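>>> predicted model and sequence follow; I will ask about them next.
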Amino acid sequence: MRLQIFAFRDRSHDFAATKANVPLAECKFLLDFNRPLQRLHWLDGINKWVGPVVGLLVPVVHQSEQAGGYLISVHRGEPYYADIPTLWKSHAGAKRTLFAPSVDGLEVVADFGRHFPEDCR
């Protein structure tokens, strides 16, 4: 599935993200600018240190969580691959303003599986 990123007109540092092809109203995850973007390199295999960059590990946070712990993958050639590092340069460390009421941890895991199925492997 293709990554979709939605910007909010009145919240400049909040961006909803999903790979489930759903409308904005159903998005449960936001890009987490409080954590660093990670680059995946290729040199005889995927690694985090040497070789050309072939993908990104993008931090996301569930709207009901205070701190996120999930990463999604975006590979070279996919939509938003070139835009994500620019977003991180512009918004790194920004505090998000969109929060949802707290939910059970299993609901957060289920939402992650629904919105990012290929990142659950």
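Looks like it came in fine.
>>> CA only for contacts and neighbour counts going forward, please
OK.
>>> where does the residue nearest to the spatial centre of the chain fall, helix, sheet strand or coil?
When Cα atoms, centre = their mean is applied to the chain, the residue found nearest the centroid is residue 60 (3.8 Å). Of the three states, residue 60 takes strand under DSSP: H, G, I helix; E, B strand; the rest coil.
>>> I figured it hits residue 69, correct?
Yes. Shown here, residue 60 and residue 69 form a contact pair, counting by Cα atoms under 8 Å, at 7.3 Å.
>>> next one: stretch 109-118 to chain centre, how far?
How far stretch 109-118 lies from its chain's middle: 12 Å, per Cα atoms, centre = their mean, to the nearest Å.
>>> in it, which residues are buried?
Applying a neighbour-count criterion of 16 or more other Cα atoms under 10 Å, one finds 111, 112, 115, 116, 117 buried in stretch 109-118.
>>> please apply the same query to stretch 95-114.
96, 108, 111, 112.
>>> so which of those are in helices?
Among the buried residues of stretch 95-114, the members found in helices (DSSP state H) are 108, 111, 112.
>>> who's in contact with the last one?
Right, the one you point to is residue 112. Contact analysis of residue 112 by Cα atoms under 8 Å, 6 or more residues apart in numbering lists 29, 120.
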